[in-house]
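predicted model, plus sequence, below.
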Amino acid sequence: MSLAPLIPLFPLAGFLLLGLGRRRWPRSLVGPLASGMVLASFVCSVVVFFDLLSLPDGARSVKHVLFSWITVGRFDVEAAILIDPLSIVMALAVTGVGFLIHVYSIGYMRDEPDYVRYFTYLNLFMFMMLTLVLGANYLLLYVGWEGVGLCSYLLIGFWYTKDSATNAGKKAFIVNRIGDFGFALALMMLFWQVGTLDFGGVSAAAADTFVVGGTLITAICLLLFLGATGKSAQIPLHVWLPDAMEGPTPVSALIHAATMVTAGVYMVARSSVLFVMSPQALAVVAGIGAATAIFAATVALAQSDIKKVLAYSTISQLGYMFMACGVGAFAAGIFHLMTHAFFKALLFLGAGSVIHAMAGEQDMCRMGGLSRVLPQTRRVMLIACFAIAGIIPLSGFVSKDAILWGAFAGPFHSTVIWLIGVLAAALTAFYMFRLYFLTFEGESRWPKGTHPHESPPVMTAPLWILAILSIVGGFIGWPHVLGGADWFAHFLEPVWAEMPAAAHGSAATEWLLMALTLGLAVGGILGARYFYVTQTEKATALATRLLGLRNLLAHAYYVDTIYDRLFVQPVVAGSRLLWQYVDVYLIDGFANGLAWVTRGTGRLLGHFQTGTLRNYILVFAVGVVLILGYYALAWSL
């Protein structure tokens, strides 16, 4: 456990070394140094994990106080690290996947002129994310929360000479500020009521402070969830994430797989003791998660940009995680967060390998036939697609089924939520294999002059590691109904609040529902193969016949357009009005008028300041005469 404080400090050291010595480091050492720092954090996380595992179940929560941070009156916050099953799972996912993305970046970004700045930002990102998941109180979580927001702005807009990249970075930053405002209000209300922001203190005092289903606890939970909707791109604050594809592809993998977008899910899970006390807030979490899952899945059906498909896929899968939290299946939500980190990082890095091979081309309609020239990338992408589609025995099958079973028979179960989850699962299988078939199968549709080639080993090695994790990662949570022990849920059990009794379903029911979901996933795969391999003309004819619907989905239901007209344009028009009239005429007019009066008065007085003594004596004499005349006139009257 003594190594726990070093987990976030290694990436911080990498950030400082690279940032302060930016012009001194040889290019050949930059990538290995940044990657080595994250690897050191991962090794420390593994050691701490086994130390934690050696403790009894009830003792698996260790707090390391580094120093007293803020003490003002009764507001006392420590800089402390909390090691418990939830935080160590997050640390392992962040550092493990983050290390592989760092290594991959060495090859992907090798021709980037600003190579040092890129890895400096990556290490800072890792430090902030580890601060978020390891902090022992809500304030440290909030520091990491804002830190990853800053880093996302820097990395999405990394190529700052491109307007689209800088605009995407600003959009991510601004949209997240909306959610973060709600999060900040929730923390203020929480401290006002409980008197502490320490996770342990909040858990101990919640039952005595709040009334189950009360207005106050519901308001706090909804404000917390508002923060989560921004960070984890849920409706209505999801619009920044698709545009975040403007950053380098490894950045997309880092943001989408194990860092920034999972922060909201982690925060809601960490706050389970509060959310369980507000069934209304849990219903909102489950409803927004389900709506986001199906919304983003339908949008992904009509995207042609390979990274946009994966972006909407991430939004949909995050919706799944919130669905799980909303029905009280917090362990299933975190399990899916972990497995998703494996196969989504693999999908993004695989897409990066394709884009690298295609000289920057991202349109799947201009690909096809790449299986012949990218055999390794094709294989790992196929594994990732099977995993996210939920095909047994890959990791996605286990975690997705755990969520759906939680929705059907969990403590806050909902048949409607379950049905939406099943439909989203079928759509996921279809759009992911649409991506696979359009990219790798059929005739080549490459632009002239394109010569695709397989990526170097420094890029393909991380892909294979992630592929193996995508295959075997689900076995640590293999369900009882399939002969497993569901070790993952048991490991995390001490973290959660006490739950109401679940509506226990029979093993036969779980088998039946599992078979149904698996059958729909297989149907989605076969449907994608039918339309995009064997009968491509039917896909074209269907798209033509449903052109209106296709355009609606391709433009993501025009949500961006609606937001632009409802919010952006009125703000811009109001700002222009304030500038042209209030600023120019009122503020500038007052300032300029004051300057004119001052200047005029000075010029007038300047006529009397001649510097000649006789003129001053004359003025003095005239003044004396006028004063005497005034008093004489007054006396005579």
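Cool, got the structure.

low-scoring stretches of the stretch 451-600 of the chain, by residue?
Residue ranges of the stretch 451-600 of the chain with pLDDT under 70: 501-504.

repeat that for 80
Applying pLDDT under 80 to the stretch 451-600 of the chain flags residues 498-505.

what does the stretch 201-350 of the chain give?
257-259.

what about the longest helix in this protein?
Counting residues, the longest helix in the chain under DSSP state H turns out to be helix 163-194.

close enough to count as contact, residue 505 and residue 409?
Yes. Between residue 505 and residue 409 there is a contact at 4.0 Å, judged by Cβ atoms under 8 Å. All C-beta spots, glycine's among them, are computed from the backbone N, C-alpha and C.

check which helix or strand the residue nearest to residue 88 when sequence neighbours are not counted maps to.
Leaving aside its sequence neighbours, residue 88 sits nearest to residue 49 (Cβ to Cβ, 6 or more residues apart in numbering; 5.0 Å). Secondary structure assignment for residue 49, by DSSP states H and E: helix 27-53.

repeat for residue 379
For residue 379, the host element (DSSP H and E) is helix 375-389.

what's the first helix or strand after that helix?
helix 395-409.

packing partners of that next one?
With contacts taken as 3 or more Cβ pairs under 8 Å, 6 or more residues apart in numbering; DSSP states H and E, helix 395-409 sits against helix 306-326, helix 330-357, helix 375-389, helix 415-440, helix 457-472, helix 507-529.

related to what we said a few turns ago, give me the buried positions along the helix holding residue 49.
Residues 30-31, 33-49, 51-52 are the ones in helix 27-53 that count as buried (16 or more other Cβ atoms under 10 Å).

with stretch 15-22 instead?
15, 17, 18.

check stretch 74-92 too.
77-92.

please flag which of these sit within helices.
Short answer: the buried residues of stretch 74-92 in helices (DSSP H) are 85, 86, 87, 88, 89, 90, 91, 92.

can I get the residues you listed in CSV including distance to residue 190 and pLDDT?
Output for these, formatted as CSV (distance: Cβ to Cβ, whole Å; pLDDT from 0 to 100):
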residue, distance to residue 190, pLDDT
85, 23, 96
86, 19, 96
87, 19, 96
88, 24, 96
89, 24, 96
90, 21, 96
91, 24, 96
92, 28, 96
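
for residue 461, state which of these is nearest.
Nearest to residue 461 out of those is residue 92 (Cβ to Cβ; 19.6 Å).

what about that closest one, distance to residue 8?
From residue 92 over to residue 8 the distance is 14 Å, taken as Cβ to Cβ, to the nearest Å.

same question, residue 590
Distance from residue 590 to residue 8, counting by Cβ to Cβ: 52 Å.

same deal with residue 350?
Counting by Cβ to Cβ, the gap from residue 350 to residue 8 is 29 Å.

for residue 362, same thing?
Using Cβ to Cβ, we find residue 362 at a distance of 34 Å from residue 8.

looking at these two, which one has more neighbours?
residue 8 (26 against 18; other Cβ atoms under 10 Å).

mind checking pLDDT for the more buried one?
Residue 8 carries a pLDDT value of 96.

wait, it touches residue 127, no?
Yes. In terms of Cβ under 8 Å, residue 8 counts as a neighbour of residue 127; the distance is 5.5 Å.

once you drop chain neighbours, what's closest to the spatially most central residue of the chain?
For the chain, residue 261 is the residue whose C-alpha lies nearest the centre (Cα atoms, centre = their mean; 2.3 Å). Using Cβ to Cβ, 6+ apart and skipping residues adjacent in sequence, the residue nearest residue 261 is residue 232, 5.1 Å away.

try residue 287
Nearest residue to residue 287, sequence neighbours excluded (Cβ to Cβ, 6+ apart): residue 326, at 7.1 Å.

got a list of what the one you found touches?
Residues in contact with residue 326 (Cβ atoms under 8 Å, 6 or more residues apart in numbering) are 282, 283, 284, 285, 286, 287, 288, 289, 290, 412, 417.

could you dump the residues you listed to CSV with distance to residue 153 and neighbour count?
CSV is the format used below for the contacts of residue 326 (distance: Cβ to Cβ, whole Å; neighbours: other Cβ atoms under 10 Å):
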residue, distance to residue 153, neighbour count
282, 32, 23
283, 33, 15
284, 28, 20
285, 27, 28
286, 30, 28
287, 30, 18
288, 25, 21
289, 26, 35
290, 30, 26
412, 36, 23
417, 34, 27
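
how about those residues, which pair is most distant?
The most widely separated members of those are 288 and 412, with 14.2 Å between them, by Cβ to Cβ.

now do the buried residues in the longest helix of the chain.
In terms of neighbour count (16+ other Cβ under 10 Å), helix 163-194 has its buried residues at 165-166, 168-169, 171-173, 175-176, 179-180, 182-183, 185-187, 189-191, 194.

so which residue of this structure lies furthest out from the middle?
Note on the chain: the largest C-alpha distance from the chain mean falls to residue 636, namely 90.3 Å (Cα atoms, centre = their mean).

ok, longest strand in the protein?
The longest strand of the chain (DSSP state E) is strand 62-72.

gap between whichever helix or strand residue 596 is part of and the chain center?
Using DSSP H and E, residue 596 sits in helix 588-606. Here helix 588-606 is found 54 Å from its chain centre; the criterion is Cα atoms, centre = their mean, to the nearest Å.

quick revisit: closest to residue 111 out of the buried residues of stretch 15-22?
residue 18 (18.6 Å).

name the element the closest one belongs to?
With DSSP H and E as the test, residue 18 turns up in helix 6-20.

angle of that helix against strand 62-72?
For helix 6-20 against strand 62-72, the angle by axes from the mean of the first three to the mean of the last three Cα atoms, to 10 degrees is 60 degrees.

and helix 6-20, C-alpha only, in PDB?
Coordinates of each C-alpha in helix 6-20 appear next as PDB, following Å, rounded to 0.1, in the frame of the first residue of the first chain:
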ATOM      1  CA  LEU A   6       3.300   7.100  -6.400                       C
ATOM      2  CA  ILE A   7       0.500   6.000  -8.900                       C
ATOM      3  CA  PRO A   8      -0.400   9.600  -9.800                       C
ATOM      4  CA  LEU A   9       3.000  11.100  -9.200                       C
ATOM      5  CA  PHE A  10       4.800   9.200 -12.000                       C
ATOM      6  CA  PRO A  11       2.800  10.900 -14.800                       C
ATOM      7  CA  LEU A  12       3.100  14.200 -13.000                       C
ATOM      8  CA  ALA A  13       6.900  13.800 -13.000                       C
ATOM      9  CA  GLY A  14       6.700  12.900 -16.700                       C
ATOM     10  CA  PHE A  15       4.700  16.100 -17.400                       C
ATOM     11  CA  LEU A  16       7.200  18.300 -15.500                       C
ATOM     12  CA  LEU A  17      10.300  16.700 -17.100                       C
ATOM     13  CA  LEU A  18       8.900  17.000 -20.600                       C
ATOM     14  CA  GLY A  19       7.300  20.400 -20.100                       C
ATOM     15  CA  LEU A  20      10.300  22.100 -18.400                       C
END
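
name the residues that touch that helix?
In contact with helix 6-20 (Cβ under 8 Å, 6+ apart) are residues 25, 30, 33-34, 36-38, 40-41, 44-45, 48, 81, 91, 95, 116, 119-120, 123-124, 126-127, 130-131, 134.

go again using 7 Å as the cut-off
25, 30, 33-34, 37-38, 40-41, 44-45, 91, 116, 119-120, 123-124, 126-127, 130-131, 134 (Cβ atoms under 7 Å, 6 or more residues apart in numbering).

what does stretch 27-39 give?
Residues from elsewhere that reach stretch 27-39, judged by Cβ under 7 Å, 6+ apart: 10-11, 13-14, 17-18, 95, 98-99, 102-103, 105-106, 115-116, 119, 122-123, 126.

figure out the length between the terminal residues of stretch 479-498.
21 Å (Cα to Cα, to the nearest Å).

report the contact partners of the spatially closest residue to residue 398 that is not a sequence neighbour.
Distances taken as Cβ to Cβ, 6+ apart place residue 474 nearest to residue 398, at 3.3 Å, with adjacent residues excluded. By Cβ under 7 Å, 6+ apart, the residues touching residue 474 are 339, 393, 394, 395, 397, 398, 399.
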